[in-house]
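Q: have a look at this fold, sequence not included:
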């Protein structure tokens, strides 16, 4: 069965891409994947010119800018790839919109510090005539795409229950301490967006959180559990456990990210390779329908990190060449941002929060 694990790519791959940021996600994911796909990064800027220069050498990027502003002022750049902390992203989007020289922007998730800021970014790009897409890259994990295919072609049948169980210790970024964020806007946002990708928008969410004992800066969203309620009876449940037991304090570890979709006609289960060593391990899937004598277990060599990032940039470039909305457009991603804000509100108020309470 064709599971469509690989993302569609644009016919035109020479759009001139400018990169804002030079951290791990740019150097080890974005640019590795872009070069593999034949995309055209031509300039890079970062808070550290020295680091930007190192990344430029590694990935054969011809121009290193001294500042973000220098890159934004280059009228030959057609597409911006923004990979900076979320509290710096909106200002760069607004600065790009003021110049009105860019055709498209690929923004990082979360699109803003909250729903209101994300909405401001979307409206700013719409007014400037710039196509905005969001780097919700879990949608392009190969097992996640395979799960979507099994839903679309009827292999699973009508979904009844879906779960994501993350027992992982992500590499936290320094800016998280400043923002007092741990999991909901950094990891759970992937899972919330994944549920939307598979099943559409829920009616509401019930979320409960507690601090992660390992994370020392003040926060509320260390370990997160939540239930998404759909009008047709479907329930989606996630556990995002960044503690996983004392895995860094001397206890044997049991780490991984597993998903499961149970339908009226079949069952599919995925295991994400990102939490494994190395992080480039391919994800896997097992699935079966009524009448099958055993699970189907296809294999592939691609992995979420870095191969998914050709999909997130590719969907923007396809939008630019076709004039259609990106697969993960800014306007659509507002619903994911609303779910994240609803999760925080639910945890605070200890009640179900309707999506409509955030995104009227």
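A: Received, thanks. Everything numeric in this text was worked out from a predicted model, so none of it was measured.

Q: CA atoms for contacts and neighbours, from now on please.
A: Fine.

Q: now the strands for the stretch 101-250 of the chain?
A: With strands called from DSSP state E, counting those that start in this stretch, the stretch 101-250 of the chain shows them at 104-108, 131-135, 159-167, 204-210, 223-229, 235-241.

Q: so how far is the fourth one from its chain's centroid?
A: I take that to be strand 204-210. Here strand 204-210 is found 20 Å from its chain centre; the criterion is CA atoms, centre = their mean, to the nearest Å.

Q: what does the first one give?
A: Once both centres are worked out by CA atoms, centre = their mean, strand 104-108 turns out to sit 12 Å from its chain's centre.

Q: which elements pack onto it?
A: Contacts defined by 3 or more CA pairs under 8 Å, 6 or more residues apart in numbering; DSSP states H and E place strand 104-108 against strand 79-82, helix 86-99, strand 131-135, helix 304-322.

Q: could you count how many residues lie near the nearest residue to residue 282 once chain neighbours are set aside?
A: Spatially, and ignoring its direct neighbours in sequence, residue 282 is nearest to residue 303 (4.2 Å; CA to CA, 6 or more residues apart in numbering). Residue 303 is flanked by 21 other residues according to other CA atoms under 10 Å.

Q: again with the one 10 residues further on
A: Counted by other CA under 10 Å, the residues lying close to residue 313 total 28.

Q: who's in contact with it?
A: Contacts here follow CA atoms under 8 Å, 6 or more residues apart in numbering; on that basis residue 313 touches 106, 135.

Q: change it to 7 Å
A: Contact partners of residue 313, counting by CA atoms under 7 Å, 6 or more residues apart in numbering, are residue 106.

Q: tell me the centre residue of this protein?
A: residue 136 (2.5 Å; CA atoms, centre = their mean).

Q: surely that one meets residue 110?
A: No: under the criterion of CA atoms under 7 Å, residue 136 is not in contact with residue 110, lying 8.5 Å apart.

Q: quick revisit: tell me who's in contact with the residue nearest to the centre of the chain.
A: Taking CA under 7 Å, 6+ apart as the test, what residue 136 contacts is 109, 190.

Q: in the one helix or strand residue 43 maps to, which residues are buried?
A: Assigned by DSSP states H and E, residue 43 belongs to strand 40-45. Buried residues in strand 40-45, counted by 16 or more other CA atoms under 10 Å: 40, 41, 42, 43, 44, 45.

Q: quick one: neighbours of residue 249, just the number.
A: Neighbour tally, residue 249, other CA under 10 Å: 9.

Q: which stretches in this protein count as helices?
A: For the chain, helices defined by DSSP state H occupy the ranges 24, 31-37, 49-59, 68-72, 86-99, 115-128, 142-152, 175-179, 189-199, 304-322, 330-349.

Q: ok so, going back, got a list of what the residue nearest to residue 282 touches?
A: 141, 142, 273, 280, 281, 282, 283.

Q: just say which of the helices and strands packed on strand 104-108 is most tucked in.
A: Scoring the helices and strands packed on strand 104-108 by mean neighbour count under mean count of other CA atoms under 10 Å gives strand 131-135 as the most buried, with a mean of 27.
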